[in-house]
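Participant: Here's my sequence, what's the structure:
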Amino acid sequence: MAKQIRSEHNFLTPVFDEKKATQAIKLLLEAFGEDLDREGLKSTPSRVAQFFKEALAGYSTDPLEFARNHYSTEKHEEIVLLKDISFYSLCEHHLLPFFGKAHIAYIPKKDKIIGISKLVKLLEIFAARLQLQERLTKQIADTLVEAVSPRGVMVIIEAEHLCMTMRGAKKPGSKMATSAVRGIFLKDIRTRLEVMSLLKN
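Facilitator: Okay, here's the model as predicted:
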């Protein structure tokens, strides 16, 4: 069982053990009947371990603390929308990538404006973990609500899952869309439609 530390955002954070990961890849290759001494595979276990270390680096950052510490006090009370943010993540069911675009909208209050690069970083923190798309969508929305108390938040993610492309249904190009709607966007259809209009344009 992986060692864990408790973060201030109530997340259990696995501590990456590169040695164990490398050994696990060696065992996996042996299970395939591969020769670990052949030229093409000699460095594969360590390369794959490094990949997972990088791809799952989001566990090392507390997303709530990050969001709380990266906002400005500019006054703005209209919709802020950052759309078409490219991302990739790893599905926790098959350890295969899913990737696509995220759209994040919010309406500030109490003079708390999150910089657009910080919205990207928040997405990246959560995406660099073993994930489900539904959970990823909700985590971004709920963290923004808790960190800066906006009037509303709306997160939409569209992604292609390689577990649908390479195995199972084997339907390349199919995409999954998820949304998380909070605050005024949930209560007022006009604001929700305004975001959808901005996304289309």
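
Participant: Okay, strands next: where are they in this structure?
Facilitator: For the chain, the strands defined by DSSP state E cover 4-6, 12-14, 71-72, 80-91, 97-107, 113-114, 130-131, 152-161, 176-183.

Participant: Those strands: lowest mean pLDDT?
Facilitator: Lowest mean pLDDT within the strands of the chain: strand 4-6, a mean of 43.

Participant: before we move on, the earlier item: kindly reformat the strands of the chain as a markdown table containing mean neighbour count and distance to Asp142.
Facilitator: Glycine gets a C-beta too; all of them are placed from N, C-alpha and C. Listed next are the strands of the chain as a markdown table, based on neighbours: other CB atoms under 10 Å; distance: least, CB to CB, whole Å:
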| stretch | mean neighbour count | distance to Asp142 |
| --- | --- | --- |
| strand 4-6 | 11 | 18 |
| strand 12-14 | 15 | 17 |
| strand 71-72 | 15 | 16 |
| strand 80-91 | 16 | 17 |
| strand 97-107 | 21 | 12 |
| strand 113-114 | 20 | 14 |
| strand 130-131 | 18 | 14 |
| strand 152-161 | 22 | 8 |
| strand 176-183 | 17 | 7 |
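
Participant: Dump the ones you listed into TSV; add distance to Ser46 as well.
Facilitator: Listed next are the strands of the chain as TSV, based on distance: least, CB to CB, whole Å:
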stretch	distance to Ser46
strand 4-6	24
strand 12-14	19
strand 71-72	40
strand 80-91	19
strand 97-107	20
strand 113-114	38
strand 130-131	21
strand 152-161	27
strand 176-183	33
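
Participant: number of nearby residues for Arg190?
Facilitator: Using other CB atoms under 10 Å, Arg190 has 8 neighbouring residues.

Participant: Check which helices and strands the longest helix along the chain is in contact with.
Facilitator: Taking DSSP state H as the criterion, the chain has its longest helix at helix 133-148. Applying 3 or more CB pairs under 8 Å, 6 or more residues apart in numbering; DSSP states H and E, we find helix 133-148 packed against helix 63-68, strand 97-107, strand 113-114, helix 116-127, strand 152-161, strand 176-183.

Participant: same thing but at 10 Å, please
Facilitator: On a contact count with 3 or more CB pairs under 10 Å, 6 or more residues apart in numbering; DSSP states H and E, helix 133-148 meets helix 63-68, strand 80-91, strand 97-107, strand 113-114, helix 116-127, strand 152-161, strand 176-183.

Participant: wait, which of those is closest to Leu27?
Facilitator: strand 80-91 (19.6 Å; CB to CB).

Participant: Within the sheet, what are the partner strands of that closest one, with directions?
Facilitator: Each strand paired with strand 80-91, and its direction, by DSSP bridges: strand 97-107 (antiparallel), strand 130-131 (parallel).

Participant: To Leu198, which of the helices and strands packed on helix 133-148 lies closest?
Facilitator: Of all the helices and strands packed on helix 133-148, strand 80-91 comes closest under CB to CB, at 5.3 Å.
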